[in-house]
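Peer 1: Any chance you could fold what I've pasted below:
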Amino acid sequence: MEFSGETLFKRYLSIEDLSYFSKLLKNGLSINECFDLLKTRKNDEIFSKIRKRLDQGELIEKLIGDYLPKNIRSYTLALLNSLSFSAALNLSLQFYERNEEGRKDVLSNIAYPLILLFISITSLYLFDLYGIDSIFALISSFEENIGIYKDFRILFRIIVMIVYYGTLIIFCLVILFSRPQRITLFYIFLSRHFPNSFLSIYYSEEFMSLFLICVQKGYSTKESLGILKSMSSKPIISFLAYHMDESLMEGDTLKDAAKKDYYDPSLARFIKIANYTNDFSSIIESYVFMTREKIRKRMKNYTLTIQLLTYIFIGLVVIFVYQILFMPMRAISIF
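Peer 2: Alright, predicted model coming up:
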């Protein structure tokens, strides 16, 4: 297989360029006029390639995916199935901004303590494999009684192995369930048996956030659900949109549809209030805001728990290692 320099060093349009591009298209400018206004030294080459392909008869909807960054490409390509290029780009940028907010919250609250825990356990695991045995061998040469340390070492090894391999198993399960069909099946199981679970609340909030963006852009409920159903890059969002649309087609109200097992139990209450107040957008914005706060609070509790367990475990191990490292000096002084 041959790889050209263009394939290996392919450049993409920046989110900033796409944001300006979307605003200019919304104001009625043509694609070529947008290129002329937004041209810089960094994006001129990409704009030239797009223009060349457009002149050859290709449609912007078909070629734009080759020049979009990965974090927005999946949104735009999915939305192009039901929307024009301008509308798809505008909406995908809104979805991207919302996704970035959620991703930053997860990374800032959960990722750091998990990484700290994994690095700590890995270091202790390597120390157990390559460090303790040589120290015990040295102490044994002085006939020092190390029975209690050996017993503690066995317990220490068991804990390290459980946490270390447990973390690896969880990582493998995440990869296993990352495929759309599997992650959806996992979500169905979780939402049916644990209706107030973190994932149920998290994805209900994300679903309603994206739904609200569509509604505020002027799309009807049916059109909004159709847009979200087409998002194969977001399998759970697509699943939730599909079932809500099916419930509405069967004659259920939006409130009744939200009572299904797949949604956050509190969502139906907010929709009921929205029906009474006749102010859907404001009430759903309140739901999104309150649910995000609930998610942040839960993530903070998870973070504190993980950090507390990590520090306690590391503290106990440091004391144990400290005692081991001073054993040679005690043995020499006795000798």
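Peer 1: Could you list the low-pLDDT ranges of this protein?
Peer 2: 1-10, 106-111, 131, 135-149, 177-181, 317, 320-321, 323-335 (pLDDT under 70).
Peer 1: what about the longest helix in it?
Peer 2: helix 280-334 (DSSP state H).
Peer 1: by contact count, what packs against it?
Peer 2: helix 85-106, helix 112-130, helix 132-141, helix 147-176, helix 198-216, helix 267-277 (3 or more C-beta pairs under 8 Å, 6 or more residues apart in numbering; DSSP states H and E). For glycine as for every other residue, the C-beta is placed from the backbone atoms N, C-alpha and C.
Peer 1: Export those helices as CSV, with columns for mean neighbour count.
Peer 2: Below are these laid out as CSV (neighbours: other C-beta atoms under 10 Å):
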stretch, mean neighbour count
helix 85-106, 17
helix 112-130, 15
helix 132-141, 14
helix 147-176, 13
helix 198-216, 20
helix 267-277, 17
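Peer 1: With distance to Asn71 added, can I get these in a markdown table?
Peer 2: Formatted as a markdown table, the helices and strands packed on helix 280-334 follow (distance: least, C-beta to C-beta, whole Å):
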| stretch | distance to Asn71 |
| --- | --- |
| helix 85-106 | 6 |
| helix 112-130 | 21 |
| helix 132-141 | 45 |
| helix 147-176 | 19 |
| helix 198-216 | 15 |
| helix 267-277 | 27 |
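Peer 1: Which element is encountered next along the chain beyond the helix or strand harbouring Ile50?
Peer 2: Ile50 belongs to helix 44-55 when assigned by DSSP states H and E. Scanning forward in sequence from helix 44-55 by DSSP H and E, the next helix or strand is helix 60-63.
Peer 1: Show me which residues of the helix or strand that that next one is followed by are buried.
Peer 2: Sequence-wise, the next helix or strand downstream of helix 60-63 (DSSP H and E) is helix 70-79. Residues Ile72, Arg73, Ser74, Tyr75, Thr76, Leu77, Ala78, Leu79 are the ones in helix 70-79 that count as buried (16 or more other C-beta atoms under 10 Å).
Peer 1: so what's the second one up against?
Peer 2: When the contact criterion is C-beta atoms under 8 Å, 6 or more residues apart in numbering, the partners of Arg73 are Gly65.
Peer 1: what sits up against the helix or strand containing Lys222?
Peer 2: Assigned by DSSP H and E, Lys222 belongs to helix 221-229. Outside helix 221-229, the residues that touch it by C-beta under 8 Å, 6+ apart are 79, 82-83, 91, 207, 210-211, 214-215, 219, 234, 237-238, 240-242, 244-245, 248, 254.
Peer 1: just stretch 191-210 next, same as before
Peer 2: With C-beta under 8 Å, 6+ apart as the criterion, stretch 191-210 contacts 95, 98, 102, 187, 190, 228, 234, 236-237, 240-241, 261-265, 267, 284, 287-288, 291-292, 294-295, 298.
Peer 1: Only the buried residues of stretch 29-49, if you could.
Peer 2: Neighbour-count burial for stretch 29-49, with 16+ other C-beta under 10 Å as criterion, is recorded at Ile31, Cys34, Phe35, Leu38, Asn43, Ile46, Phe47.
Peer 1: How about stretch 284-300?
Peer 2: Ile284, Glu285, Tyr287, Val288, Thr291, Arg292, Lys294, Ile295, Met299.
Peer 1: starting at the chain centroid, how far to it?
Peer 2: Mean-position distance between stretch 284-300 and its chain equals 16 Å (C-alpha atoms, centre = their mean, to the nearest Å).
Peer 1: And for stretch 219-232?
Peer 2: 22 Å.
Peer 1: Of all the residues in that stretch, which ones are buried?
Peer 2: Buried residues in stretch 219-232 (16+ other C-beta under 10 Å): Tyr219, Ser224, Leu225, Gly226, Ile227, Leu228, Lys229, Ser230, Met231.
Peer 1: Pop out the phi and psi values for Ser30.
Peer 2: Main-chain dihedrals, Ser30, degrees, to the nearest 10: phi -80, psi 170.
Peer 1: From Leu68, how far off is it?
Peer 2: 20 Å (C-beta to C-beta, to the nearest Å).
Peer 1: Contacts only, for the most centrally placed residue in the chain.
Peer 2: Note on the chain: the residue nearest the mean C-alpha position is Arg103, at 5.2 Å, using C-alpha atoms, centre = their mean. By C-beta under 8 Å, 6+ apart, Arg103 lies in contact with nothing.
Peer 1: and if you look at Leu80?
Peer 2: Counting by C-beta under 8 Å, 6+ apart, the residues that Leu80 touches are Glu61, Ala88.
Peer 1: so Ile237 touches Ser230, yeah?
Peer 2: No - counting by C-beta atoms under 8 Å, Ile237 stays clear of Ser230, with 10.3 Å between them.
Peer 1: So which residues make contact with the one helix or strand Lys255 maps to?
Peer 2: Using DSSP H and E, Lys255 sits in helix 254-257. Here helix 254-257 makes contact (C-beta under 8 Å, 6+ apart) with Thr221, His243, Met244, Ser247, Leu248, Ala268, Ile271, Lys272, Asn275.
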